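# turn this into a model:
(one chain, ligands or ions: 2)
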Amino acid sequence: MAQILENVRFIKAVRQETELPQDGLPEIVLAGRSNVGKSSLVNALAGQRLSRVSQTPGKTQQILYFKVGSAFYLTDLPGYGYTKAKEARKSFTSFVDRYFSLDRPIQAVALLLDLRLLPSEQDLQMLSYLADRALPAIIILTKGDKLSRSQRLQQTRLITEQLRESGFEPEKSDIFVISNRSGEGIAALTAWIRRCLCP
Ligand SMILES: Nc1nc2c(ncn2[C@@H]2O[C@H](COP(=O)(O)OP(=O)(O)OP(=O)(O)O)[C@@H](O)[C@H]2O)c(=O)[nH]1
Ligand SMILES: [Mg+2]
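Ligands and ions are numbered 1, 2, ... in the order given. Here you go, the predicted structure:
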């Protein structure tokens, strides 16, 4: 079994609801604060540079659709949390929030969190939105390469505790530690995605 997803192609960048794909294919949605590594994860899963990555937070301003074979979409959402102007931040966040109320064929949402940071208010908000809408969620802790092995374990424990305190009940298998740089955890995530789509 391949360690990455095969035959991933960029399909389109969407700014408004009228442009959303309507072919009913299931979606695995990548969500999380700006700069956490969503676009990098698309590239790591695909084994090629398909999605634009940047040092500047707020790079992805549209909803990007990547088709995997003819089976499903990987959906790269704009990140939240970094837009400077308050008003812009509001409308931006509500656009992303609204996405989950659109009755899309969402198979699962992967919420990406930076392994080095504790979850933000918006991260926790996002998780409760997902829980309210009964959308299956997994947690992906990114940038594992930036910490030592023992720091990784400690941070994973801290983050898990905080998520639990906020009402999220993570099963062990629902949390992945990855590095888009070293490739750590990408094969495990690929396997999870395959299982999720063909249980
Ligand atoms: N060391 C390390 N850097 C990473 C990793 N993943 C992403 N980065 C870096 O983090 C920065 C942001 O990555 P992106 O993939 O653009 O983040 P994003 O979540 O798509 O950001 P927005 O599009 O702004 O929402 C880039 O400089 C990446 O190279 C990782 O696993 N390890
Ligand atoms: Mg991005």
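# I'd assumed residue 186 was in contact with residue 145.
No - assessed by Cβ atoms under 8 Å, residue 145 is found out of contact with residue 186, at 11.9 Å. From N, CA and C alone the C-beta is placed, and that goes for glycine too.
# please say which of those two ends up with more neighbours.
Ranked by neighbour count (other Cβ atoms under 10 Å), residue 145 and residue 186 place residue 186 first, with 20 against 14.
# give the contact list for the more buried one.
3-4, 44-45, 178, 180 (Cβ atoms under 8 Å, 6 or more residues apart in numbering).
# just the buried ones from these, in PyMOL syntax?
A single PyMOL command selects the buried members of the contacts of residue 186 (16 or more other Cβ atoms under 10 Å):
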select buried, resi 4+44+45+178+180
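# what's the closest of the contacts of residue 186 to ligand 1?
Nearest to ligand 1 among the contacts of residue 186 is residue 180, at 3.6 Å by Cβ to the nearest ligand atom.
# so the closest one sits in a strand?
No - according to DSSP: H, G, I helix; E, B strand; the rest coil, residue 180 belongs to no strand; its state is coil.
# any chance of the backbone angles for it?
The phi and psi values for residue 180, taken as degrees, to the nearest 10, are phi -70, psi -20.
# same question for the one 3 residues further on.
Residue 183 has phi and psi values of phi 90, psi 0 when expressed as degrees, to the nearest 10.
# my read: it touches residue 44, true?
Yes - using Cβ under 8 Å, residue 183 is in contact with residue 44, at 6.6 Å.
# I'd like the next helix or strand past the helix ranked longest in the chain.
With secondary structure taken from DSSP state H, the chain has its longest helix at helix 149-165. Downstream of helix 149-165, the first helix or strand assigned by DSSP states H and E is strand 175-177.
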